[in-house]
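Asker: heads up, no residue letters with this:
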DNA sequence: CAGATTTTGCACCGATTGATCCAATATGAG
DNA sequence: CTCATATTGGATCAATCGGTGCAAAATCTG
């Protein structure tokens, strides 16, 4: 029927995601996106509507991938709650070597938070989902006697993700894995 | 001897700092800086060498102001260690209402971390100074029997500042003071 | 006042920005 | 093979970027 594409849309989206993840929205030029994806301008604008739209798709993809993995850990009832929390935090201690430093979500909150309410809404909903899931898991652990009942479950859950954000900022600054490990160690006193 | 300035350099620097703090380096245009400071382009480039130089001065000013205040709290031996840590963290729960959301240092680490080693060096040195001071305070508290001796002092100190970073990211996302308070509450279990 | 000196406002610079247009190309349907 | 259709590369767009040049304005010294 017509000329077929010579590239894989998913791979292009992945490459674009990594550029945004590394450099942020503003500092990434359309030329950078062309170079990273190996596509020409026409192909990019033909496939994705605009730089902004490509960014949104890349961010959504990142959020879905990471949140799915995190929710799996949070809801894994075969693990004690302390171990689940440890695994959540550990991703910041030993990140995938081929991944850019830090966290795309944290970077985006910091860069676009004050002036892009739509983006913040998306990230907020995702954040709420994970906090709710961890809150539920904590409550179950408390009911089972695996965890101190004095602590507020929602507060404790938010605390975990807040610290995770801090760990990811630290990773962006180049904090050593050993330093990160000590922080996780200290944080786990609550569990 | 010559025509005098019609503006206050310090006030201009402060106004520029708040724009960078709010929008970041890349998203701030020289026009934004003119508008915020009330100066013309010539005055800005005559007083500060470049956009980048103005940013560096603004960042250094911010770091000095905030670190001075934090070190004062950390070294205040009239307060129990738990109270000192609480005050450090509390700045993220109840920030000055007229200040932009979040923390200029965190924003800068996230935005420029991977590609501006000089900036990271500056922020790293400042970070190390504060961690060292808090480590010393924690060791003293342990020696005095005010704090559990099992915890690693440096790890605990880094933990506090890591969590503070997370709180400031959350503030940029618009986290409620109540939610932030619960996080601080949970974090203080270690003290 | 006169002259030296600095600041100020404004026009302007080349480079780069995100985005568009169009002709050449490549394919599947008939 | 031919036509319809979609993709591709490259030229090009107006707008904006950070930064500069210059002449008018304003002040202090003498």
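Answerer: Yes, it's here. Keep in mind it's a predicted model, so treat the numbers as computed, not measured. Numbering: from 1, shown residues only, chains lettered A, B, ... in the order given.
Asker: C-alpha from now on. contacts and neighbour counts both.
Answerer: Noted.
Asker: May I ask which helix or strand encompasses the residue nearest to residue A:70 when sequence neighbours are not counted?
Answerer: Leaving aside its chain neighbours, residue A:70 sits nearest to residue A:88 (6.6 Å; criterion: C-alpha to C-alpha, 6 or more residues apart in numbering or on different chains). Per DSSP states H and E: residue A:88 is located in helix A:81-90.
Asker: Next: residue A:156.
Answerer: Per DSSP H and E: helix A:153-173 holds residue A:156.
Asker: quick one, that helix and helix B:153-173 angle?
Answerer: 100 degrees (axes from the mean of the first three to the mean of the last three C-alpha atoms, to 10 degrees).
Asker: can you tell me which residues contact whichever residue of chain A sits closest to chain B?
Answerer: Proximity of chain A to chain B (C-alpha to the nearest C-alpha) peaks at residue A:166, 3.8 Å away. Counting by C-alpha atoms under 8 Å, 6 or more residues apart in numbering or on different chains, residue A:166 touches B:162, B:163, B:164, B:165, B:166, B:167, B:169.
Asker: which helix in chain A runs the most residues?
Answerer: helix A:117-143 (DSSP state H).
Asker: right, is that helix up against chain B?
Answerer: Yes. Interface with chain B: helix A:117-143 contributes A:120, A:124 (C-alpha under 8 Å from any C-alpha of the partner chain).
Asker: quick one: buried residues of that helix?
Answerer: For helix A:117-143, the neighbour count (16 or more other C-alpha atoms under 10 Å in any protein chain shown) marks A:119-120, A:123-124, A:127, A:130-142 as buried.
Asker: next one: stretch A:86-96
Answerer: A:86, A:87, A:88, A:89, A:90, A:92, A:93, A:95.
Asker: And for stretch A:57-68?
Answerer: For stretch A:57-68, the neighbour count (16+ other C-alpha under 10 Å) marks A:57, A:58, A:59, A:60, A:62, A:63, A:67 as buried.
Asker: Report the contact partners of the closest residue to residue A:104 other than its chain neighbours.
Answerer: Spatial nearest neighbour of residue A:104, chain neighbours left out: residue A:21 (4.8 Å); criterion: C-alpha to C-alpha, 6+ apart. Going by C-alpha under 8 Å, 6+ apart, residue A:21 touches A:100, A:103, A:104, A:107.
Asker: The strand or helix carrying residue A:21 and DNA strand D, are they touching?
Answerer: Assigned by DSSP H and E, residue A:21 belongs to helix A:9-23. No. Against DNA strand D, helix A:9-23 shows no contacts by C-alpha under 7 Å from any atom of the strand, the least distance being 9.3 Å.
Asker: Please work out which residues outside the helix or strand that that helix is followed by touch it.
Answerer: Sequence-wise, the next helix or strand downstream of helix A:9-23 (DSSP H and E) is helix A:30-37. For helix A:30-37, contacts defined as C-alpha under 8 Å, 6+ apart pick out A:11, A:12, A:13, A:15, A:16, A:19, A:40, A:41, A:44, A:51.
Asker: residues of the helix holding residue A:21 that come out buried?
Answerer: So for helix A:9-23, counting by 16+ other C-alpha under 10 Å, buried means A:12, A:13, A:14, A:15, A:16, A:17, A:18, A:19, A:20, A:21, A:22, A:23.
Asker: what angle separates that helix from helix A:153-173?
Answerer: Using the same axes, to 10 degrees: helix A:9-23 against helix A:153-173 is 80 degrees.
Asker: Say whether DNA strand C is contacted by helix A:9-23.
Answerer: No. On the criterion C-alpha under 7 Å from any atom of the strand, helix A:9-23 is out of touch with DNA strand C, staying 10.7 Å away.
Asker: which residues touch residue A:187?
Answerer: Counted by C-alpha under 8 Å, 6+ apart, residue A:187 has contacts B:159, B:187.
Asker: helix or strand for it, which one?
Answerer: helix A:177-187.
Asker: Quick check: buried residues in that helix?
Answerer: A:179, A:180, A:181, A:182, A:183, A:184, A:185, A:186, A:187.
Asker: isn't the first one right up against residue B:153?
Answerer: No. The pair formed by residue A:179 and residue B:153 falls short of the contact definition of C-alpha atoms under 8 Å, at 11.9 Å.
Asker: Quick check: the farthest pair among the buried residues of helix A:9-23?
Answerer: A:12 and A:23 (16.7 Å; C-alpha to C-alpha).
Asker: Would you mind listing what in chain A touches DNA strand D?
Answerer: Counting by C-alpha under 7 Å from any atom of the strand, chain A sits next to DNA strand D at A:1-7, A:39-43, A:46-47.
Asker: What is the nearest of these to residue A:173?
Answerer: Nearest member of the residues of chain A next to DNA strand D to residue A:173, counting by C-alpha to C-alpha, is residue A:39, at 31.3 Å.
Asker: give me phi/psi at that closest one?
Answerer: In this entry, residue A:39 is assigned phi and psi values of phi -100, psi 160 (degrees, to the nearest 10).
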